[in-house]
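Visitor: this one's structure only:
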Ligand code: ACO
């Protein structure tokens, strides 16, 4: 790229060197610290991948147990629950989450030190705190007490248990765990870029994460998964969805859950993987509504491929999984953030360890020489 060249949306611009992850579109591989993310989704748990992202290698059995204990021991300060309880219930769940992530800084005496070593050390605690906050967002907004995790349940099962208030069966816990891994890390999306830009001023990990929540809220990014659920609810059945998509396209609207800056005209490999996860969940549960959502998703996929040559992204197949698991729709995007916190902290640590301030230039289109 020539110096001074303008690329709208920074399309194709390399903004960082990283050892964390890389989207190798040509080889259909999402590399995460050397592993293929699809293998991690198929064979590992979120806790394994958390260890990989934050401690830089897959944990052995003992290390995994130690990570589970660390996650279980993390507490959300009572004042954070009090702050959340005072926010208007009408406030978007991502805005409540943003406030909570920011407030967590107040209870970390080390919050102001942008020191990679101690940020890496406390990353696991932050992931656990964010998950506990996310799981309880709806409950606390209704004036109820937050639910704590149960000892003996693994992290993913516990996260789901705190959301629904019901112990998940093995198929449900596995599907949720796989979705968490699928969301854990994905190179340089807008939210990760936002976090790294904030971190590059040597601002702290909580500030960088708070900015990332705001970025992830938008429907062009993480907000797409809840938009997909609302679209499927409005459609009702397969014919309804086909009609709705055709109407929206005719009006020049975007269909949420389709397209991706990097994959654009290809299937997001994570979406393919979660489509299989959804299929297994539907079989295990035998729930007619979950089966209908799978059929609707297939119809939507066929219509979009034929009409626009566009393929689903991760959010498209995460939405029906969360719906089948009985998760309130307002929590879909916050769950995305909770899962991504691992990847975000890894990026913030890396930015602080090898920092250079982000400070790009502009192409000026305004007037000059005006007299005051
Ligand atoms: N529905 C309809 N048309 C679309 C869609 C879509 N979902 N996505 C892209 N297009 C079309 C655009 O209209 C445009 O067409 P044109 O060239 O005829 O004008 C073309 O494809 C290229 O689109 P851009 O907006 O230039 O692509 P960009 O890389 O900027 O956008 C984005 C990527 C934002 C993800 C886009 O595909 C989109 O809006 N998708 C829907 C929102 C969504 O699902 N977001 C989740 C992203 S993945 C994630 O966060 C996990």
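Guide: Right, received. Where do you want to start? In this text, all values refer to a predicted model and were calculated from it rather than measured experimentally.
Visitor: where does the chain come near the ligand, residue by residue?
Guide: Residues of the chain lying near the ligand by C-beta under 6 Å from any ligand atom: 9, 189, 220-222, 224, 254-261, 308, 310, 313-315. C-betas here are computed from N, CA, C, even on glycine.
Visitor: Can you say which of these are buried?
Guide: For the residues of the chain next to the ligand, a neighbour count by 16 or more other C-beta atoms under 10 Å gives the buried set as 189, 221-222, 224, 255-260, 310, 313-315.
Visitor: Nearest to residue 47 among those residues?
Guide: Distance to residue 47, by C-beta to C-beta, is smallest for residue 314 among those, at 20.2 Å.
Visitor: Which residue, other than its chain neighbours, is closest to the residue in the chain positioned nearest to the ligand?
Guide: Across the chain, no residue is closer to the ligand than residue 259, which sits at 2.3 Å (C-beta to the nearest ligand atom). Closest residue to residue 259 apart from its sequence neighbours, by C-beta to C-beta, 6 or more residues apart in numbering: residue 310 at 5.1 Å.
Visitor: so that neighbour sits in a helix?
Guide: No: assignment of residue 310 by DSSP: H, G, I helix; E, B strand; the rest coil gives coil, placing it outside any helix.
Visitor: Next, it: phi, psi?
Guide: Note on residue 310: backbone dihedrals following degrees, to the nearest 10 are phi -110, psi 150.
Visitor: contacting residues for it?
Guide: By C-beta atoms under 8 Å, 6 or more residues apart in numbering, the residues touching residue 310 are 255, 258-259, 264-265, 304.
Visitor: By pLDDT, rank the residues you listed and give me the bottom one.
Guide: Across the contacts of residue 310, the smallest pLDDT goes to residue 264, namely 84.
Visitor: In three-state terms, label that residue for me.
Guide: Three-state call for residue 264 (three-state DSSP): coil.
Visitor: longest helix in this protein, by residue count?
Guide: Selection of the longest helix in the chain by residue count, based on DSSP state H, yields helix 116-141.
Visitor: quick one, the helix or strand following it and helix 116-141 angle?
Guide: For helix 116-141, the following helix or strand on the C-terminal side (DSSP states H and E) is helix 155-164. With axes from the mean of the first three to the mean of the last three C-alpha atoms, to 10 degrees defining the directions, helix 155-164 sits at 30 degrees from helix 116-141.
Visitor: Could you list every helix and strand in contact with helix 155-164?
Guide: Other elements packing on helix 155-164 under the criterion 3 or more C-beta pairs under 8 Å, 6 or more residues apart in numbering; DSSP states H and E are helix 46-55, helix 61-73, helix 116-141, helix 170-183.
Visitor: before we move on, back to that, any chance of JSON lines for the buried ones among the residues of the chain next to the ligand, columns secondary structure and distance to residue 43?
Guide: Listed next are these as JSON lines, based on DSSP: H, G, I helix; E, B strand; the rest coil; distance: C-beta to C-beta, whole Å:
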{"residue": "189", "secondary structure": "coil", "distance to residue 43": "24"}
{"residue": "221", "secondary structure": "coil", "distance to residue 43": "28"}
{"residue": "222", "secondary structure": "coil", "distance to residue 43": "26"}
{"residue": "224", "secondary structure": "helix", "distance to residue 43": "27"}
{"residue": "255", "secondary structure": "coil", "distance to residue 43": "32"}
{"residue": "256", "secondary structure": "coil", "distance to residue 43": "30"}
{"residue": "257", "secondary structure": "coil", "distance to residue 43": "26"}
{"residue": "258", "secondary structure": "strand", "distance to residue 43": "28"}
{"residue": "259", "secondary structure": "coil", "distance to residue 43": "29"}
{"residue": "260", "secondary structure": "coil", "distance to residue 43": "24"}
{"residue": "310", "secondary structure": "coil", "distance to residue 43": "30"}
{"residue": "313", "secondary structure": "coil", "distance to residue 43": "23"}
{"residue": "314", "secondary structure": "helix", "distance to residue 43": "19"}
{"residue": "315", "secondary structure": "helix", "distance to residue 43": "23"}
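Visitor: re earlier: in CSV: the helices and strands packed on helix 155-164, plus mean neighbour count and mean pLDDT.
Guide: Listed next are the helices and strands packed on helix 155-164 as CSV, based on neighbours: other C-beta atoms under 10 Å; pLDDT from 0 to 100:
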stretch, mean neighbour count, mean pLDDT
helix 46-55, 24, 98
helix 61-73, 15, 96
helix 116-141, 22, 95
helix 170-183, 24, 98
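Visitor: would a markdown table of those with distance to residue 238 be doable?
Guide: As requested, the helices and strands packed on helix 155-164 are exported to a markdown table (distance: least, C-beta to C-beta, whole Å):
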| stretch | distance to residue 238 |
| --- | --- |
| helix 46-55 | 32 |
| helix 61-73 | 40 |
| helix 116-141 | 29 |
| helix 170-183 | 22 |
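Visitor: Looking at those, which is nearest to residue 368?
Guide: Nearest to residue 368, of those and by C-beta to C-beta, is helix 116-141 at 43.0 Å.
Visitor: quick revisit: and the residue of the chain closest to the ligand, what does it touch?
Guide: Residue 259 is in contact with 310-311, 313, counting by C-beta under 8 Å, 6+ apart.
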